[in-house]
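Q: With the input below, show me the fold.
(one chain, ligands or ions: 2)
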Amino acid sequence: APAAQWVESWPDDVGADRVRQAFAEVFSADDAEDVRVYAAPGRVNIIGEHTDYNAGLCLPIALPHRTYVALRPRTDSVVRLASTQEPGAAWTGRLEDVAPGAVTGWAAYVAGVAWALGQHLQATGGSAAQVRGFDAVIDSCVPYGAGLSSSAALECSVAVGIDDVAGLGLAATDAGRAALAAAAIRAENEIAGAPTGGMDQSASLRCAPGHALLLDCRPGLDPARAVEQIPFDLAAEGLALLVIDTRAEHALVDGQYAQRRATCEAAATTLGLANLRELADTVIAAAEGDAAFAEALGAALDRLPDDVSRRRVRHVVTEIARTQDLVSLLRAGRASDVGPLLDASHASLRDDYEVSATELDVAVEAARDAGALGARMTGGGFGGSAIALVPADRAEAVADAVTAAFARAGLGAPGFLLAVPSAPAGAC
Ligand code: ADP
Ligand code: MG
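A: Ligands and ions are numbered 1, 2, ... in the order given. Coordinates of the predicted model:
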């Protein structure tokens with residue numbers, strides 16, 4: 001049987017050395033004195049999927065896998081970029097030319113953060129010109145396009161870098177980090193043109209080691225009230241969180257995300273609500289037990305015009321409830337009891353939200369068969385990654401079993417990560 005392929009994280013000094021060396025090669029800099037290194041983690045979401053853009057709840061942790069940026073400030077407004085992951089796609093531009101639609105490719109994530117921080121400064125009584133140009137080189141061990149948020153890791157490493165060299169001081173406080181996250185979200189939405197919700201950037205900037213971040217995505221919520229650190233020390237309970245990167249490449253998924261989002265927004269409008277979170281709160285408050293929950297939800301679903309919207313909305317409402325239930329179990333020190341909630345989340349994403357994929361279903365089933373306490377797809381879906389909660393001493397056996405199941409199904413080999421809740425973005 002083929003061996004499981006593990007995707008190791010880099011210790012910070014290794015990542016920092018790599019990216020400094022790459023910088024010296026790209027910019028032929030023998031004097032690396034004014035080069036500073038920053039890093040930001042990818043994230044994995046434990047539960048609360050496709051809820052962020054519905055003003056719902058999600059529960060990400062920061063991965064030990066990080067994106068590193070070596071950054072040298074400039075006195076002009078020129079930005080020069082290169083990435084080890086994008087050989088042959090170096091980019092040069094000027095800050096004043098960055099605008100929605102003006103930058104294509106991976107550089108949009110980086111230039112977009114500089115632009116969004118300039119906008120933030122302007123809106124808060126400063127000047128966009130406080131953000132100056134820079135030369136930067138990127139290197140990363142966060143798997144690409146795997147639903148583990150390499151895009152946010154890139155944005156947030158750059159965000160803390162610009163914050164530092166411009167002396168903004170935002171990374172020093174959680175409220176400042178919320179502002180950096182907002183800028184990274186604008187970069188992704190408006191400059192990179194990806195209509196994603198806000199979970200990824202908040203996770204990369206605001207997670208804490210040993211904790212999961214309970215993120216309340218209601219718009220306009222005070223940043224301090226929007227997050228809560230939930231102790232998530234699986235090792236203490238003899239457990240581990242295995243991430244399975246299916247490495248599935250899916251064509252024709254363009255627009256699926258935007259479509260789900262539009263369906264949810266239309267359903268909320270039909271129900272006379274600002275968002276589906278309001279429905280979830282009403283249903284959860286009305287329900288004392290499972291039967292009452294189903295009845296209250298059913299009454300709302302009956303008011304929707306078609307079966308597809310009913311199923312989409314059912315996913316969002318039940319997923320928000322599951323997130324609350326899972327957090328209650330964690331607070332009670334019962335991490336080993338959360339497996340059924342993970343399984344129910346997967347079924348809901350597969351059957352009601354219809355964002356799973358063969359690879360994700362194979363991964364989840366093989367992991368459970370090999371002794372996982374629960375498993376589900378994570379991230380946006382249609383490929384990407386799954387998670388499995390496993391007894392720590394079973395992690396390797398589960399990875400081997402999933403690898404074997406992929407081979408039997410004729411699928412390419414998946415990758416495996418151990419998701420220990422790690423540190424947020426910062427200087428190295
Ligand atoms: P995910 O965030 O799940 O990994 P996305 O599609 O949101 O997937 O983001 C992946 C994109 O982000 C890449 O196609 C690339 O444009 C950009 N990106 C992420 N990491 C890097 C990196 N290390 N170097 C250059 N671009 C990167
Ligand atoms: Mg992303």
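Q: Tell me which residue in the protein sits closest to ligand 2.
A: Residue nearest to ligand 2 within the chain: residue 151 (3.3 Å; Cβ to the ion). In this view, the C-beta of every residue, glycine as well, is placed from N, C-alpha and C.
Q: what's the closest non-adjacent residue to that residue?
A: residue 109 (5.8 Å; Cβ to Cβ, 6 or more residues apart in numbering).
Q: Assign a three-state SS to that neighbour, would you?
A: helix (DSSP: H, G, I helix; E, B strand; the rest coil).
Q: I'd say it and residue 155 touch.
A: Yes - between residue 109 and residue 155 there is a contact at 5.3 Å, judged by Cβ atoms under 8 Å.
Q: neighbour count winner among these two?
A: Relative neighbour count places residue 155 above the other of residue 109 and residue 155, with 33 against 25, counting by other Cβ atoms under 10 Å.
Q: tell me the contacts of the more buried one?
A: 40, 109-110, 112-113, 184, 187-188, 201, 204 (Cβ atoms under 8 Å, 6 or more residues apart in numbering).
Q: Could you save those residues as JSON lines and add columns showing pLDDT and distance to ligand 2?
A: Shown next, in JSON lines, are the contacts of residue 155 (pLDDT from 0 to 100; distance: Cβ to the ion, whole Å):
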{"residue": "40", "pLDDT": "99", "distance to ligand 2": "12"}
{"residue": "109", "pLDDT": "98", "distance to ligand 2": "9"}
{"residue": "110", "pLDDT": "98", "distance to ligand 2": "14"}
{"residue": "112", "pLDDT": "98", "distance to ligand 2": "13"}
{"residue": "113", "pLDDT": "98", "distance to ligand 2": "14"}
{"residue": "184", "pLDDT": "98", "distance to ligand 2": "11"}
{"residue": "187", "pLDDT": "98", "distance to ligand 2": "11"}
{"residue": "188", "pLDDT": "96", "distance to ligand 2": "7"}
{"residue": "201", "pLDDT": "97", "distance to ligand 2": "9"}
{"residue": "204", "pLDDT": "98", "distance to ligand 2": "10"}
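Q: Inside helices: which ones of the residues you listed?
A: 109-110, 112-113, 184, 201, 204 (DSSP state H).
Q: Residue 39 contacts residue 205, doesn't it?
A: No - using Cβ under 8 Å, residue 39 is not in contact with residue 205, being 11.9 Å away.
Q: Overlap in contacts, these two.
A: residue 425.
Q: For those two, work out which one has more neighbours and name it.
A: Neighbour count, other Cβ under 10 Å: between residue 39 and residue 205, residue 205 has more, with 31 against 26.
Q: quick one, what contacts residue 409?
A: Neighbours of residue 409 in contact, by Cβ under 8 Å, 6+ apart: 358, 362.
Q: now it: how far from ligand 1?
A: 23 Å (Cβ to the nearest ligand atom, to the nearest Å).
Q: do you know how far that residue is from residue 362?
A: Per Cβ to Cβ, to the nearest Å, residue 409 is found 5 Å from residue 362.
Q: now do residue 280
A: 31 Å.
Q: Local confidence estimate at residue 1?
A: With respect to pLDDT, residue 1 has a value of 73.
Q: Now it. Nearest residue, chain neighbours left out?
A: residue 404 (4.9 Å).
Q: now the helices: where do they sit in the chain?
A: According to DSSP H, the helices that the chain contains are 12-26, 107-123, 150-165, 174-186, 199-206, 223-226, 256-270, 276-286, 290-301, 307-331, 339-347, 358-369, 395-408.
Q: and the first one, does that touch ligand 1?
A: This points to helix 12-26. No - on the criterion Cβ under 6 Å from any ligand atom, helix 12-26 is out of touch with ligand 1, staying 9.9 Å away.
Q: re the thing from before, ok, and of the ones in helices among the contacts of residue 155, which contact ligand 1?
A: Answer for the ones in helices among the contacts of residue 155 near ligand 1 (Cβ under 6 Å from any ligand atom): residue 109.
Q: export the ones in helices among the contacts of residue 155 to CSV and tack on distance to residue 380?
A: Listed next are the ones in helices among the contacts of residue 155 as CSV, based on distance: Cβ to Cβ, whole Å:
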residue, distance to residue 380
109, 16
110, 22
112, 19
113, 21
184, 17
201, 15
204, 16
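Q: same for the longest strand anywhere in the chain, what does it pack against?
A: Secondary structure of the chain per DSSP state E: the longest strand is strand 60-73. Contacts defined by 3 or more Cβ pairs under 8 Å, 6 or more residues apart in numbering; DSSP states H and E place strand 60-73 against helix 12-26, strand 36-45, strand 134-140, helix 150-165, helix 199-206, strand 211-216, strand 415-418.
Q: Using CSV, please lay out the helices of the chain together with distance to residue 232.
A: Shown next, in CSV, are these (distance: least, Cβ to Cβ, whole Å):
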stretch, distance to residue 232
helix 12-26, 21
helix 107-123, 28
helix 150-165, 19
helix 174-186, 18
helix 199-206, 13
helix 223-226, 18
helix 256-270, 27
helix 276-286, 23
helix 290-301, 26
helix 307-331, 6
helix 339-347, 14
helix 358-369, 19
helix 395-408, 16
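Q: deepest of those, which one?
A: The highest mean neighbour count among these, using mean count of other Cβ atoms under 10 Å, belongs to helix 199-206: a mean of 30.
Q: Pull the residues that contact that helix.
A: 40-43, 45, 48, 52, 58, 60-62, 149, 151-153, 155-156, 159-160, 171, 174, 177-178, 180-182, 184-185, 188, 213, 215, 217, 226-227, 424-425.
Q: Residue 419: what's it in contact with?
A: Counting by Cβ under 8 Å, 6+ apart, residue 419 has contacts 44, 61, 63-64, 241-243, 387.
Q: Nearest spatial neighbour of it, chain-adjacent residues omitted?
A: Using Cβ to Cβ, 6+ apart, the closest residue to residue 419 is residue 241 (4.3 Å).
Q: what's the answer for residue 314, then?
A: Nearest to residue 314 is residue 352, by Cβ to Cβ, 6+ apart, at 5.2 Å.
Q: Of the contacts of residue 155, just say which sits nearest to ligand 1.
A: Nearest to ligand 1 out of these is residue 109 (Cβ to the nearest ligand atom; 5.3 Å).
Q: gap between the closest one and residue 256?
A: For residue 109 relative to residue 256 (Cβ to Cβ), the value is 21 Å.
Q: Would you mind naming what in this structure lies close to ligand 2?
A: 149, 151 (Cβ under 5 Å from the ion).
Q: which bits of the stretch 1-150 of the chain sit near ligand 1?
A: Checking the stretch 1-150 of the chain against ligand 1 by Cβ under 6 Å from any ligand atom, the hits are 67, 83, 85-86, 106, 109, 138, 140, 144-150.
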